[in-house]
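# Any chance you could fold what I've pasted below:
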Amino acid sequence: MTDAPTAPVHLLNGTQRIDITDHLRVAAGKGWREMILTAQCLDTAAKSIGFAAQGAFTMRISRVERAEIAADTACTF
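Numbers count the residues shown, from 1 in each chain. Got it, this is the predicted structure:
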């Protein structure tokens, strides 16, 4: 992210809406960042993940991968 979002941004997963606005504001202008999404914060039965914003913002995603990690791994944004 080059610029911080100026309006709320949510990660969508099934019926969940996780507010990630503050995390994205901290990440803005800092170059490469990693977001780890695990069963600790996601509905594992959901079939999709998305983003919803109440204002315009730009986020570049270079890679999405599914990997096996420890069951108790916390989500990071």
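
# Give me the buried positions along stretch 29-38.
For stretch 29-38, the neighbour count (16 or more other CB atoms under 10 Å) marks residue 37 as buried. For every residue, glycine as well, the C-beta is placed using N, CA and C.

# how long is it from one end to the other?
Separation of the first and last residues of stretch 29-38 by CA to CA, to the nearest Å is 25 Å.

# Could you do stretch 12-32 as well?
Using CA to CA, the end-to-end distance of stretch 12-32 comes to 22 Å.

# what's the answer for stretch 37-46, then?
End-to-end distance for stretch 37-46: 13 Å, by CA to CA.

# for stretch 51-58, same thing?
11 Å.

# for stretch 50-60, same thing?
Start-to-end, stretch 50-60 (CA to CA) is 14 Å.

# Now that stretch: buried residues?
Within stretch 50-60, the residues that qualify as buried by neighbour count (16+ other CB under 10 Å) are 57, 59.

# Would you confirm that residue 75 contacts residue 34?
No. Taking contacts as CB atoms under 8 Å, residue 75 lies outside contact range of residue 34: 11.3 Å.

# Can you name the residues that contact residue 14?
Listed by CB atoms under 8 Å, 6 or more residues apart in numbering, the contact set of residue 14 reads 42, 43, 45, 46, 47, 48.

# is it fair to say the third one lies in a strand?
No. Counting by DSSP: H, G, I helix; E, B strand; the rest coil, residue 45 is not part of a strand but coil.

# Could you report the pLDDT at it?
You'll see residue 45 listed with a pLDDT of 82.

# What's the PyMOL line that selects buried ones from the contacts of residue 14?
Remark: buried members of the contacts of residue 14, expressed as a PyMOL selection using 16+ other CB under 10 Å:
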select buried, resi 42
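
# Take the contacts of residue 14 and write them to TSV, including distance to residue 57.
Below are these laid out as TSV (distance: CB to CB, whole Å):
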residue	distance to residue 57
42	22
43	24
45	29
46	23
47	25
48	20
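
# Tell me the confidence at residue 34?
pLDDT recorded at residue 34 is 84.

# In this structure it contacts residue 76, no?
Yes. Applying CB under 8 Å as the test, residue 34 and residue 76 come out as touching, 7.1 Å apart.
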